[in-house]
Each structure stands twice: as structure tokens, then as C-alpha cells.
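**Student:** Need coordinates for the following:
(one chain, ligands or ions: 1)
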Amino acid sequence: MKPLVSCLLAASAWVALLSCASLRKPESSVDFVSQVKPVLERRCLECHNADYVFAGLRMETKDLMMKGGRSGPVIVPGNPDQSLLYKVLLLGHSSPVAMPPTPEGTFEEEKKLLQTWIAQGAEWPEGIQLVPPQNWPSSR
Ligand code: HEC
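**Tutor:** Residues are numbered from 1 along each chain as shown. Modelled structure (predicted):
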């Protein structure tokens, strides 16, 4: 191969590599309202709200969630492994404290989502309230 041709080939390969690298996104951040809120409402709110305060834990507002339950805070922002909210998801179903008590569907992805949410600082925008399924409007 002529030196010029191989030089051009090498240059274009380099350009291709660079443009690929610039397309790679950083780990996408979890959005509370569109991603986390529906999971918590569907999986957890039924039993952790004003009417059914199981284990003293209510989850409707950020303040209530951050206050935690009978064992104290359930979320340590930035640290899922220290967060009871995440730890109870990992318990096997032989444990009476496994959450949610009746799992079904693709719960693995939801666990991962909650883990990432806590790891990224458990962001919860001001004023957003969670609604237990029993109080969802029928149109939802
Ligand atoms: C069907 C009702 C029900 C649902 C749904 C439910 N929980 Fe619970 N939760 C309970 C009960 C009951 C306890 C107390 C268990 C025990 O210690 O015997 C509890 C305890 C807990 C605790 C311990 C709180 C403390 O301070 O000790 C955490 C954390 C928790 N739940 C998180 C969750 C999460 C996260 C979800 C959703 C993924 C969830 N729960 C869904 C009924 C429920």
C-alpha cells in the first residue's frame, strides 16, 4: 500500500474512533418523577401511607420518607447498601421483612432503578407527592 493511502486510512480510522468516543453518554441519571415515583407508588405506597403505616414508615412526601420508620431513616443518599429501603429489596422471600411482600413482574429492573436513584443522591423534587394505588383516580 502506498504511504499516502495508508496514512489517509489511519487518519480516517482515528476520526471514526474519536466521533464514537464523543457519542458515548455518561451513566444516565435517574429521573424521580418519570421513573422512581411510579415504582414506589405501585410497589410500596399501598402499605406505607397515612392509612397503613406499616413499620411506622410513610412514603408520600420527601420529608416523611427521609424521616424513615421504626428503625430510623431508610435512605442514606449516595449509599444504597446502607439504605434500609434498598436492603429490604434484597431479602429472600423466606424473610418476613422482604419488601415488597408480594413480588411479581419484572422486579429486578425496579430494584436496580431504586439502587441507582439512591446512589445518585435520592433526588426528590420539591412538592412532589406520592399517591397510594387505592387513591389513584380510576382513569389512571
Ligand atoms: C403489602 C404491604 C406492604 C408493601 C406493598 C410494602 N411494604 Fe414495606 N413493610 C410492610 C410491613 C408489614 C412491614 C413490617 C415488616 C416486619 O417487620 O414484620 C414493612 C417494613 C418495611 C421497612 C422497614 C422499616 C423500618 O423502619 O423498620 C422498609 C424499609 C420497607 N417496608 C420498605 C418497603 C418498600 C421499599 C416497599 C416497596 C418496594 C414496601 N416496603 C412495600 C408492608 C408492606
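
**Student:** In this protein, what residue spans correspond to helices?
**Tutor:** Secondary structure of the chain (DSSP state H): helices at 3-23, 37-43, 62-67, 84-90, 107-119.

**Student:** Spit out the contact partners of Lys67.
**Tutor:** Pro73 (C-beta atoms under 8 Å, 6 or more residues apart in numbering). C-beta coordinates here come from the backbone N, C-alpha and C atoms, glycine included.

**Student:** Check what pLDDT it gets.
**Tutor:** pLDDT recorded at Lys67 is 98.

**Student:** Likewise for Ser94?
**Tutor:** Model confidence at Ser94 (pLDDT) stands at 82.

**Student:** cool, and the one 3 residues further on?
**Tutor:** At Val97 the predicted local confidence, pLDDT, stands at 87.

**Student:** mind listing what it touches?
**Tutor:** Val88, Leu91.

**Student:** Kindly provide the distance from it to Leu85.
**Tutor:** Val97 sits at a distance of 12 Å from Leu85 (criterion: C-beta to C-beta, to the nearest Å).
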